[in-house]
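Chemist: sequence plus predicted model, see below.
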Amino acid sequence: MTKHVVSRESFSRRIWLKTWQGMGVRFAFAWIAVLVCMGVFAPFLANSMPLLMSKGGVISAPVLAYLTREDVVVLGMFALAVMLVLVPLGVGKRVVLFVLGTALVTIMVNLLLKPPAVMIYDQFRSPTYTEADWRIMPPIPYAPQDYLRDFGQTGLEAPLEAADRIHLMGTEENGADVFSRMIHASRIALSIGLIATGIALVIGIVLGGLMGYFSGVADMLGMRLVEIFESIPTLFLLLTFVAFFGRSLYMMMIIIGITSWPGYARYVRAEFLKLRKQEYVQAAVASGLPLSSILFRHMLPNGVAPLLVGVSFGVASAILAEATLSFLGLGLVDAPSWGQMLNQAVKSSTFNWWMAAFPGGAIFFTVFAYNLIGEAFRDAIDPQLSRKAGVTA
Amino acid sequence: MLTYLLRRLLLMLPTLLGITIVVFSVMVMSPGGISAQTLVEGSDMKPQEKQALLDYYNKRYGLDQPPPIQYLRWLNNVSPVGFTQDEEGAYTGFSFSKGMDLGISFMYGRPVGEILGERIPITLLLNVITLPLIYVIAIVLGVKAATDRGGRFDVGSSVSMLALWSAPTMLVGVLLLGFFANVQYVQWFPTAGISSRAAQDMPFLPHWDSLWDVLKVFGCMSLGMVLAVTAVRWARLSVWWLGSLLLCGGVTGIALGMQFAGDGFVRGFLFDRLWHLFLPIVCLSYGGFAALAKLTRTSVLENLHADYARTARAKGLAEEDVLWKHVFRNSLLPLITVSAGLLPSLLAGSLIVENIFSINGMGQLAVEAVKGRDREMVLSITWVSGFLTLVGYLIADFCYTLVDPRVTYD
């Protein structure tokens, strides 16, 4: 007879421990952590200007002077996130504080910071910057938009092809360093993945929740809407949105978000249809709680765990969507993007392998990592499924 | 059954209407909106001339009217039942048989229906070849993995299937194009299109000048297959090996035979087409079969442990019979459910694949139309692809009844 063990750990903690057990998942988290670090510290990892330099006894940090607003906001968000992880608080409070803090940082930065409007990267290779007493350069001494115009006609160069410069991953068609662009692109990829999925999640939960809670006519109408969005192939809809609206990063996030919500809505609806007849929901209704409280305080936490699975797969597909759009030439114009670099791999029948291998590899590993995490979550959340599928947890 | 079919077809109408409304409102709400601006590019024109040309185009395509009217007019033109117009554009009567008019593309200046008629068969050809391929490979791999649960093949295949599933189509496409269709590396396959120009004059099937050459190729092929069979017999390998080795032996045999045969070989239209489609289809299919193989494995495993499978074993059936006659049929259900979602993803996939391999299908047309802000074209492409998707759902539901007699729609 087996001993009955009473587990005192919370549900979320149990899921987390189970998820964390797999070897592949650890690699996946490690890869994403690397990407996050690259995204956050991109200006210090790859930039044309010195990190620190001393000239005539004056020590200056040109990098700090040339930080853009986005760089500062991202750094602020990262610092905030680290602080919040260290402070013992509830999950809800942490999220609220994070959102508020991010908003505050964004407003402050936009009001206070005045970065130089024009960047001329060639000047950092002029004597003003090179003839210093000592200076510390970033590991990759080229900015992503530094097209190396002072080196003359440069274009696609294979890794380590140029004699006087070191490009570990070669250069792209305008002459910019690929490694540097890869690092800066990781920020775009990650932020698009997370924010687009967040938008989709919010729309999906609200619509799905309302549909499931009210059922009847609201449900019927809502399901038609879901069906409409599901039966247009997402990529076609995305293309239409992107081509007719501008090509800014934020627009892209919103667009990917509003084209990928039906899955979540469908799921939340099904869950809420089940939950609405439960006693505790009836009790909440009977005690006259407002609708938002019933939906989001009482019902949502009981149906939220499996959404994690959808979210991990959603992030993967959002990243893929951005890469695809950029690949088709509908992405951001000047900003570095993995998909856009991949597009340059086969140009006029010459094959530039480094333009395929590195950006393509980055897309692949990121998508793979998120899919691995999604699978692990699924197996952890649904023990029956994992037992049937023969996955030993 | 007939009432069910009718009801489903009627339910499609609001969905299709919704699709066009969504797309139309996206186009209207966008900055710049829909206008003939993209058509008038002349920077060397005088402002008045430019304005006049703009006005002309706006009037010609009805772009000077408010968006709801524009939409209704478009809808009236597209729907097979509606009001008829006379030459001046005034609505004169109501007809049930006026036919569909998809309008005239801004970019091409040709009827949209005509252009779509050229492009859709190409995309459908890609998808129709890919779909059964996906299922065959997925079923073979998935069933094999399920029967080998926890074994080397199972673990290996489940990791590699997840990896394949995550590999972006564009990366695989670019790599295949770069390595296998490029003078820098090996040029085994053509770089673009779906047939070479010379293929128009070729006979349909491949053929050789002399019977002797045919015999040589056939002989080599049989030799390869016989060798495969002997190898399997000798090493006492399973049926799985037999199939794959037979295929390998046959293909190597044909390839060898071609070397021995004389020069009088004409590829033929069919072979030429297959040769062109090989890389695109590889690109289009791997993601699908990776996902489906994982699904097959889960579903077969689930059924292998079901009570009825145990009963079947208990009455003394061979494991092969349990697997193929009892378990397999039941495991097909989730596969069919997924097939409905497969069609939209294939359409999206062919959008990327067609762009990489320069195939003039609907996917490439979609990108061009969207870039050129071609109103009629974008609307038609979206509703046609939406329609194809809905038809896919319908077919999937019908296949359900075929596989599972318990499911009826009455």
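Modeler: Good, I have the coordinates. If you're wondering where the values come from, they're calculated on a predicted model, not measured in any experiment.

Chemist: quick one: the residue nearest the centre of chain B and chain A, what's the gap?
Modeler: By C-alpha atoms, centre = their mean, chain B has its centre lying nearest to B:N127, at 2.2 Å. According to C-beta to the nearest C-beta, to the nearest Å, B:N127 and chain A sit 12 Å apart. The way it works is simple: take the backbone N, C-alpha and C, and place the C-beta from them, glycine included.

Chemist: quick one: contacts for that residue?
Modeler: By C-beta atoms under 8 Å, 6 or more residues apart in numbering or on different chains, B:N127 lies in contact with B:284, B:343, B:346-347, B:350.

Chemist: in which helix or strand does it reside?
Modeler: helix B:112-147 (DSSP states H and E).

Chemist: any idea which helix or strand comes after that helix?
Modeler: helix B:152-166.

Chemist: I'd like to know which elements that next one is packed against.
Modeler: helix A:353-381, helix B:112-147, helix B:268-304 (3 or more C-beta pairs under 8 Å, 6 or more residues apart in numbering or on different chains; DSSP states H and E).

Chemist: deepest in the core, which of the ones you listed is it.
Modeler: helix A:353-381 (a mean of 23; mean count of other C-beta atoms under 10 Å in any protein chain shown).

Chemist: taking the mean pLDDT, what do you get for it?
Modeler: Averaged across helix A:353-381, pLDDT comes to 89.

Chemist: in chain B, what spans have low per-residue confidence?
Modeler: Chain B contains residues with pLDDT under 70 at B:31-44, B:86-90, B:198-203, B:207-209, B:261-268, B:409-410.

Chemist: outline the domain layout of it.
Modeler: Here the domain assignment for chain B is B:22-95, B:112-207+B:276-403, B:210-234+B:241-265, based on automatic domain parsing.

Chemist: where do the helices sit along chain B?
Modeler: Counting by DSSP state H, chain B has helices at residues B:2-29, B:47-60, B:67-78, B:112-147, B:152-166, B:169-180, B:211-235, B:239-260, B:268-304, B:307-314, B:319-321, B:328-356, B:362-371, B:375-403.

Chemist: in the last one, which residues are buried?
Modeler: For helix B:375-403, burial by neighbour count (16 or more other C-beta atoms under 10 Å in any protein chain shown) applies to B:375-386, B:388-390, B:392-394, B:396-400.

Chemist: next, the angle helix B:67-78 makes with it.
Modeler: 60 degrees (axes from the mean of the first three to the mean of the last three C-alpha atoms, to 10 degrees).

Chemist: what is the burial count for B:L346?
Modeler: 27 (other C-beta atoms under 10 Å in any protein chain shown).

Chemist: for the record, mean pLDDT for the strand or helix carrying A:A196?
Modeler: In the assignment (DSSP H and E), A:A196 maps to helix A:178-214. Helix A:178-214 carries an average pLDDT of 91.

Chemist: remind me what it packs against, helices and strands.
Modeler: So helix A:178-214, by 3+ C-beta pairs under 8 Å, 6+ apart, packs with helix A:23-40, helix A:42-45, helix A:216-231, helix A:249-259, helix A:262-275, helix A:307-327, helix A:338-343, helix A:353-381.

Chemist: please identify the most buried of these.
Modeler: helix A:338-343 (a mean of 27).

Chemist: quick one: distance of it to the chain centre.
Modeler: Computed by C-alpha atoms, centre = their mean, to the nearest Å, the chain-centroid distance of helix A:338-343 equals 17 Å.

Chemist: please apply the same query to stretch A:329-344.
Modeler: 16 Å.

Chemist: tabulate the CA atom coordinates of it in PDB.
Modeler: Only the C-alpha atoms of stretch A:329-344 are listed here, as PDB (Å, rounded to 0.1, in the frame of the first residue of the first chain):
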ATOM      1  CA  GLY A 329       9.700  43.200 -46.800                       C
ATOM      2  CA  LEU A 330       6.900  44.600 -44.800                       C
ATOM      3  CA  GLY A 331       8.700  45.000 -41.500                       C
ATOM      4  CA  LEU A 332      10.400  47.900 -39.900                       C
ATOM      5  CA  VAL A 333      12.400  50.000 -42.300                       C
ATOM      6  CA  ASP A 334      15.700  50.800 -40.800                       C
ATOM      7  CA  ALA A 335      15.600  49.000 -37.400                       C
ATOM      8  CA  PRO A 336      17.500  45.700 -37.300                       C
ATOM      9  CA  SER A 337      15.400  42.600 -37.500                       C
ATOM     10  CA  TRP A 338      16.200  38.900 -37.800                       C
ATOM     11  CA  GLY A 339      13.700  38.300 -40.600                       C
ATOM     12  CA  GLN A 340      14.900  41.200 -42.600                       C
ATOM     13  CA  MET A 341      18.500  40.000 -42.500                       C
ATOM     14  CA  LEU A 342      17.400  36.500 -43.400                       C
ATOM     15  CA  ASN A 343      15.800  38.100 -46.500                       C
ATOM     16  CA  GLN A 344      19.200  39.200 -47.700                       C
END
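
Chemist: is chain B contacted by that stretch?
Modeler: Yes: taking C-beta under 8 Å from any C-beta of the partner chain as the criterion, stretch A:329-344 and chain B are in contact, through A:329-330, A:339, A:342-343.

Chemist: how about the contacts made by the residue lying closest to B:Y185 once chain neighbours are set aside?
Modeler: With C-beta to C-beta, 6 or more residues apart in numbering or on different chains as the criterion, B:Y185 has its nearest non-adjacent residue at 4.8 Å, and that residue is B:F179. Residues in contact with B:F179 (C-beta under 8 Å, 6+ apart) are A:351, B:185-186.

Chemist: residues contacting residue 182?
Modeler: Since no chain was named, I'll use chain A. Per C-beta under 8 Å, 6+ apart, neighbours of A:M182: A:169, A:336, A:338, A:341, A:358-359, A:362.

Chemist: chain B was what I was after
Modeler: Going by C-beta under 8 Å, 6+ apart, B:N182 touches A:346, A:349-351, B:191.

Chemist: over to B:L333?
Modeler: Going by C-beta under 8 Å, 6+ apart, B:L333 touches B:299, B:400, B:403-404.

Chemist: return the member of these nearest to B:R233.
Modeler: Closest approach to B:R233 among these (C-beta to C-beta): B:S299, at 32.9 Å.

Chemist: next, count neighbours for the closest residue to the closest one other than its chain neighbours.
Modeler: Among residues not flanking B:S299 along the chain, B:S331 sits closest, at 4.2 Å (C-beta to C-beta, 6+ apart). Residues near B:S331, counting by other C-beta under 10 Å, number 25.

Chemist: what about B:S331, distance to chain A?
Modeler: Taking C-beta to the nearest C-beta, one finds B:S331 at 12 Å from chain A.

Chemist: what does B:I254 give?
Modeler: Distance from B:I254 to chain A, counting by C-beta to the nearest C-beta: 28 Å.

Chemist: surely that residue meets B:V217?
Modeler: Yes: proximity of B:I254 to B:V217 meets the contact threshold set by C-beta atoms under 8 Å, at 6.1 Å.

Chemist: which of those two has more neighbours?
Modeler: B:V217 (21 against 14).

Chemist: that one reaches B:A255, doesn't it?
Modeler: No: counting by C-beta under 8 Å, no contact exists between B:V217 and B:A255, whose distance comes to 9.5 Å.

Chemist: quick one: residues contacting B:L277.
Modeler: B:L277 makes contact with B:125-126, B:129, B:194 under the criterion C-beta under 8 Å, 6+ apart.

Chemist: so who does the nearest residue to A:I254 once chain neighbours are set aside touch?
Modeler: Distances taken as C-beta to C-beta, 6+ apart place A:I199 nearest to A:I254, at 6.3 Å, with adjacent residues excluded. A:I199 is in contact with A:253-254, A:256-258, A:261, counting by C-beta under 8 Å, 6+ apart.
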